[in-house]
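**Q** I would like to see how this sequence folds:
(one chain, ligands or ions: 1)
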Amino acid sequence: MTAPNLDRAVRDRYTAASQEFEPGLCCPVDYDPQFLRAIPQEVLERDYGCGDPVSHVRPGERVLDLGSGAGKVCFIAAQIVGATGSVIGVDVNDDMLALARSARAPVAAALGYGNVEFVKSRIEDLALDLEFLDRHLARHPVGSSTALDDLAELTDRMRRDSPLIPDASIDVVISNCVLNLVTTERKRDMFAELARVLRPGGRAVISDIVADVDVPQAMRADPHLWSGCYSGAMREDEFFAGFLNAGLTGLRVLKREDRPWETVGEVTFRSVTIEAHKPAAPPPLDGAITATYLGPFARARIDTGLELPRGLPVRLGGTDLAAVLTGAYRDYVQLTDASGLGLPAPVACGPSGCC
Ligand SMILES: C[S@@+](CC[C@H](N)C(=O)[O-])C[C@H]1O[C@@H](n2cnc3c(N)ncnc32)[C@H](O)[C@@H]1O
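**A** Predicted structure coming up:
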């Protein structure tokens, strides 16, 4: 089964699921009911998530939701971030986007402010504005190989000169049960895009389905299992590695469901919600800050590879300093400046004052 066929299977499945609720598409999520009152019923019903990343966003943040579907998670985020924050939902499916957009005005009327927008893009290519491209192609259909070359040149230019989601523009990237749907060949691009759009010190909070062993090739080639959020699930440790390889750090499992979602053949699928941080821009303090690991383990190793023995101050520099300053490790280390004074951790905060 080729990648385009899997993409088509995903598109067809979610077009149908936007029109009528499909109960087979993953797991009902118990969101805080106070945030559901402002959201229209047809959006509430099209809930295809597998976790709750949105309860981890904070007031004032600029949020990007990857694979926003009918928009439920975005409309909850809109209420948590409040009028000073904002939310962008990204989806590739026209019908899901239309449903989500139809709810913007009623939600804004109920809240007294509108801070949500929905855009069309692939989460593995967040620089490319697919609605702009659709309009262009309607006026200039590709009718020859030369036109195909011109199109490739245009899309390269769009990504470079007017990226839909610019570099370092987002405080927190969230996603609910979507990363698994991206084809195996493009998963690395997806993690890279997620890291690109985060500001230094920003973070990702992602709920997704993971597998306990490699999903066998026969299952991977099954479009129904793929579009149903099974076959594209990564092995749990490889899922974590995807974030780390893209340069994120301080990865933490916020929730790991006790009960597997389902076992298919030899593979057990489970929902996890994880948090990962983009390192802060290192301040010019190389070596002037020490970290003392507080336990409970005898020693800790952070994602940069640095070892911190319990109770022994370690001077920080470069990428180690940048990683520790994200706040990912704040509950586990005490930071001290050159004069020996304790620093209020974390010291490198985002525009909203927290990280
Ligand atoms: C399982 S649903 C989850 C929807 C939503 N997050 C929720 O919690 O209800 C997956 C959504 O991701 C979208 N999607 C799948 N692959 C995508 C991709 N590569 N880029 C953007 N959106 C994608 C689908 O169109 C669909 O709306």
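
**Q** restricting to C-alpha, output stretch 129-145 in CSV.
**A** What follows is stretch 129-145, C-alpha atoms only, in CSV (Å, rounded to 0.1, in the frame of the first residue of the first chain):
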residue,chain,number,x,y,z
ASP,A,129,-0.9,26.9,2.9
LEU,A,130,-3.1,24.3,1.1
GLU,A,131,-6.1,26.7,0.7
PHE,A,132,-3.9,29.2,-1.1
LEU,A,133,-2.7,26.3,-3.3
ASP,A,134,-6.2,25.0,-3.9
ARG,A,135,-7.3,28.5,-5.1
HIS,A,136,-4.2,28.8,-7.3
LEU,A,137,-4.8,25.3,-8.9
ALA,A,138,-8.4,26.3,-9.6
ARG,A,139,-7.2,29.2,-11.7
HIS,A,140,-4.1,27.4,-13.1
PRO,A,141,-4.8,23.7,-13.5
VAL,A,142,-1.7,21.5,-14.0
GLY,A,143,-1.9,20.5,-17.7
SER,A,144,1.6,19.6,-18.6
SER,A,145,4.9,18.5,-17.1
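
**Q** if we go by neighbour counts, what in it is buried?
**A** For stretch 129-145, the neighbour count (16 or more other CB atoms under 10 Å) marks 129-130, 132-133 as buried. Every C-beta, even on glycine, is put in place using the N, C-alpha and C of the backbone.

**Q** near the ligand at all, that stretch?
**A** No - Stretch 129-145 lies out of reach of the ligand by CB under 6 Å from any ligand atom, never closer than 9.2 Å.

**Q** ok now that stretch, how far from the chain's centre?
**A** 28 Å (CA atoms, centre = their mean, to the nearest Å).

**Q** switch to numbering from 48
**A** Sure, I'll start numbering at 48, so the last one becomes stretch 176-192.

**Q** got the contact list for it?
**A** By CB atoms under 8 Å, 6 or more residues apart in numbering, the residues outside stretch 176-192 that reach it are 139, 166-169, 194-195, 198, 201-202, 205, 209, 211.

**Q** these in strands, which ones?
**A** Judged by DSSP state E, these include 166-167 as members of strands.

**Q** pull out the buried members of the contacts of stretch 176-192.
**A** Here, 16+ other CB under 10 Å leaves 139, 166-169, 202, 205, 211 buried among the contacts of stretch 176-192.

**Q** and the ligand, which of these contact it?
**A** Answer for the buried ones among the contacts of stretch 176-192 near the ligand (CB under 6 Å from any ligand atom): 139, 169.

**Q** tell me, how many residues neighbour the spatially closest residue to N227 that is not a sequence neighbour?
**A** Nearest residue to N227 in three dimensions, chain neighbours excluded: G279, at 4.1 Å (CB to CB, 6 or more residues apart in numbering). G279: 25 surrounding residues under other CB atoms under 10 Å.

**Q** could you dump the buried residues of stretch 176-192 to a markdown table with pLDDT?
**A** Formatted as a markdown table, the buried residues of stretch 176-192 follow (pLDDT from 0 to 100):
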| residue | pLDDT |
| --- | --- |
| D176 | 98 |
| L177 | 98 |
| F179 | 97 |
| L180 | 98 |
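
**Q** of those residues, which is the nearest to N52?
**A** Comparing those against N52 with CB to CB picks out L177 as the nearest, at 19.2 Å.

**Q** tell me how far that closest one lies from A85.
**A** Separation of L177 from A85 (CB to CB, to the nearest Å) stands at 28 Å.

**Q** what's the answer for S278, then?
**A** In terms of CB to CB, S278 sits 36 Å off from A85.

**Q** have a look at those two and say which one is more surrounded.
**A** Set side by side, S278 and A85 show more neighbours around S278, with 27 against 18, by other CB under 10 Å.

**Q** show me the contacts for the more buried one.
**A** 262, 266-269, 272.

**Q** that one: what secondary structure?
**A** coil (DSSP: H, G, I helix; E, B strand; the rest coil).
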